[in-house]
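Student: Here's a sequence, model it:
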Amino acid sequence: DHYIELIRALFGLTRAARNLQDDLNDFLALIPTDQILAIAMDYLANDAEVQELVAYLQSDDFHKIITTIEGLPEFANFYNFLKEHGLDVADFLNEIHSIIGLPPFVPPSRRHARRGVGINGLIDDVIAILPVDELKALFQEKLETSPDFKALYDAIRSPEFQSIISTLNAMPEYQELLQNLRDKGVDVDHFIELIRSLFGLP
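Tutor: Here you go, the predicted model:
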């Protein structure tokens, strides 16, 4: 039975080195798992109220509650906190999804959870899911290992390319565009500085 597998998953979360998982295991060691499983099986098979609860857990109303909670940035932060401290609950949550009829659980790091509004919100949400450290590391690796990439990088930093940038900056139409974005609340200057910092541009 799926619900029995859920209980087993709860008492057998992925084990790791000494961390939150071990702390949890210390508590779980005190729990009579086999007895709990036997009780659960009996109720699931014979109790109308428990069966009614199971039906509710598989309903659209309950699905909406789960998806709303999992879409919160606070949920993502807590999930990542647990994972960083050695407690991987992804399999357990995926088991819940499977049991109640939801699509497979997607960890927050791979999922877009909308947090803001407007253009700034869009930019912030996109930046939030970018693997910045990995991008910087790959950027440095390409500079060292790819002649073509190094040539492109040198071209972007060359006086000729900077002349193009200077010409663009001097255009009234371009400055008007930037000002219009600022007037709409878009932090253009921060975004430009972020790009420069990310890729080491002048």
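
Student: Where do the domain boundaries of this structure fall?
Tutor: According to automatic domain parsing, the chain comprises the domains 2-110, 118-199.

Student: how about these in CSV, adding mean pLDDT and mean neighbour count?
Tutor: In this view, the C-beta of every residue, glycine as well, is placed from N, C-alpha and C. Rendered in CSV, the data for the domains of the chain read as follows (pLDDT from 0 to 100; neighbours: other CB atoms under 10 Å):
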stretch, mean pLDDT, mean neighbour count
domain 2-110, 76, 14
domain 118-199, 78, 12
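
Student: all strands of the chain, in order?
Tutor: Read by DSSP state E, the chain holds no strands at all.

Student: the helices in it, which residues?
Tutor: Remark: helices assigned in the chain by DSSP state H are 2-10, 20-28, 33-46, 48-57, 60-70, 73-84, 90-100, 118-128, 132-145, 147-156, 159-170, 172-183, 188-199.

Student: mind saving the C-alpha coords of the third one as PDB?
Tutor: Below are the C-alpha coordinates for helix 33-46, written out as PDB (Å, rounded to 0.1, in the frame of the first residue of the first chain):
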ATOM      1  CA  THR A  33       8.100   1.400  13.400                       C
ATOM      2  CA  ASP A  34       6.700  -2.100  12.800                       C
ATOM      3  CA  GLN A  35       3.900  -1.600  15.300                       C
ATOM      4  CA  ILE A  36       3.000   1.700  13.700                       C
ATOM      5  CA  LEU A  37       2.900   0.100  10.300                       C
ATOM      6  CA  ALA A  38       0.600  -2.700  11.600                       C
ATOM      7  CA  ILE A  39      -1.700  -0.100  13.200                       C
ATOM      8  CA  ALA A  40      -1.800   2.000  10.000                       C
ATOM      9  CA  MET A  41      -2.600  -1.000   7.800                       C
ATOM     10  CA  ASP A  42      -5.500  -2.000  10.000                       C
ATOM     11  CA  TYR A  43      -7.000   1.500  10.000                       C
ATOM     12  CA  LEU A  44      -6.500   2.000   6.300                       C
ATOM     13  CA  ALA A  45      -8.200  -1.300   5.500                       C
ATOM     14  CA  ASN A  46     -11.100  -1.000   8.000                       C
END
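
Student: Kind regards, and thank you for your time.
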